[in-house]
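>>> pasting the sequence and the predicted coordinates here, then a few questions.
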Amino acid sequence: MPEDISHKHFAPYVAKKGEEYMSKRQLAHFRTILETLKAELMDDIERTVHTMQDEATVFADPNDRASQETDIAIELRNRDRERKLIKKIEETIDHIESGDYGYCNGCGVEIGIKRLEARPTATLCIDCKTLEEVRERQIAK
């Protein structure tokens, strides 16, 4: 998922000495990142729709038509991934509002500012995520 595409232009969060984890300031920082990412994804989807409408051409040559259909299929697959990411961003914003943001869904520990800046929609700490990936690899074998 293209989760790291735009929040990189935000300055890293610098906690004040003694600042409580997931303070109002931290939550506002992550909400801004998430809302900006969501807006950029929505703009991309809108732009794709307009581009596809503008470029809708019926080619007589089967090779050109096949190439266009492949391009459209790839674009639609990318937009579907972005749509799923938008849903995940909205769920993450709900976690901010409910006070659950920044804590691991698996074990309840703090996920950490650096990890959340790298992946603002993270719901698992690095240990639980690593375990989940190991299990997925074992099931795939």
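Everything's here; your move.

>>> now do the helices in the protein.
Assigned by DSSP state H, the chain shows helices spanning 24-54, 62-98, 113-118, 126-140.

>>> mind checking pLDDT for the residue of the chain positioned farthest from its centre?
In the chain, residue 60 marks the outermost C-alpha relative to the chain mean, sitting 39.1 Å out by C-alpha atoms, centre = their mean. Note on residue 60: pLDDT of 75.

>>> torsion angles phi and psi at it?
phi -70, psi -40 (degrees, to the nearest 10).

>>> residue contacts, it?
By C-beta atoms under 8 Å, 6 or more residues apart in numbering, no residues touch residue 60. No exception for glycine: its C-beta is placed from N, CA and C like everyone else's.

>>> for it, give its distance to residue 133.
For residue 60, the distance to residue 133 (C-beta to C-beta, to the nearest Å) stands at 48 Å.

>>> number of nearby residues for residue 23?
12 (other C-beta atoms under 10 Å).

>>> likewise residue 65?
13.

>>> residue 59 is in contact with that one, correct?
Yes: taking C-beta atoms under 8 Å as the definition, residue 65 is a contact partner of residue 59 at 4.4 Å.
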